[in-house]
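**Student:** Below are the sequence and a predicted model for it; my questions follow.
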Amino acid sequence: MYRDWRKTERGIFDELENEFEQMNELMSRMMTSLGKDPQVYGFSIQVGPEGIPHVERFGNVLPVGKDHDLREPFATSIINEKENEFNITAEMPGISKEDIEVNATENEVVLTAEGSGRKYYKSIAAPSPVDPDSAKAKYNNGVLEVTLRLKEPPRSKGKKIDIE
């Protein structure tokens, strides 16, 4: 409700003090509701060989309505043209390798883990069809490495054009 600030004893200062008290109370409630775990959000930008930038986000700050205990690990993926492989590297600290599950289809790799009070989830789209039966995974010091063979070699970068 609007009140005329000129009709108070201290004028506008009482109104400002009241507004600051309400904001302080709101901020205190928000900060205590965040929980004890640190809030992490980040993104990585990589420019692929085709010159197109790829932005990937990671962290445990997710859109409203999602599981707030869930973290999205920082992950990078690259095609190794020499070996005809699709390589994924994901940082998942604080869990053991028995807590990790890797599921792959021709078009997607899903990483999930739950253990020691931490949950991770990441879905990574394959840039070209992969062979899920060829998947190999290693986990060491909080870093998961997944390697899959490509079903077909990467397409050539184009046709060479002679310059006159």
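**Tutor:** Structure's in. What do you need?
**Student:** Could you look up the next helix or strand downstream of the top strand by length along the chain?
**Tutor:** The single longest strand within the chain, with elements called by DSSP state E, is strand 130-140. The element immediately downstream of strand 130-140 (helix or strand, assigned by DSSP states H and E) is strand 143-150.
**Student:** nearest residue to the residue positioned nearest the centre of the chain other than its sequence neighbours?
**Tutor:** Nearest residue to the geometric centre of the chain (C-alpha atoms, centre = their mean): Phe58, 2.0 Å. The shortest distance from Phe58 to any residue other than its chain neighbours is 4.1 Å, reached at Phe74 (C-beta to C-beta, 6 or more residues apart in numbering). The C-beta positions use only the backbone N, C-alpha and C, and glycine is treated the same way.
**Student:** distance of Thr42 from Val143?
**Tutor:** Heads up, residue 42 is Gly, not Thr. 16 Å (C-beta to C-beta, to the nearest Å).
**Student:** Lys119 now?
**Tutor:** In this view, Lys119 and Val143 are 18 Å apart by C-beta to C-beta.
**Student:** follow-up on the earlier one: and the longest strand of the chain, how far out from the chain middle?
**Tutor:** Strand 130-140 sits 21 Å away from the centroid of its parent chain (C-alpha atoms, centre = their mean, to the nearest Å).
**Student:** For that strand, list every residue counted as buried.
**Tutor:** 130, 132, 135, 137, 139 (16 or more other C-beta atoms under 10 Å).
**Student:** sorry, back to before: okay, and the beta partners of the residue nearest to the centre of the chain?
**Tutor:** Gly42 (DSSP bridges).
**Student:** Check Val110 too.
**Tutor:** Val110 has these beta-bridge partners by DSSP bridges: Asn103, Ser123.
**Student:** any idea how far Glu50 is from it?
**Tutor:** 25 Å.
**Student:** before we move on, what about Ile95?
**Tutor:** 34 Å.
**Student:** Equivalent analysis for Glu152, please.
**Tutor:** 17 Å.
**Student:** Same question for Asn24.
**Tutor:** Asn24 sits 51 Å away from Glu50, taking C-beta to C-beta as the criterion.
**Student:** Glu98 too?
**Tutor:** Distance from Glu98 to Glu50, by C-beta to C-beta: 38 Å.
**Student:** do the same with Ser128
**Tutor:** Here Ser128 is placed at a distance of 12 Å from Glu50 (C-beta to C-beta).
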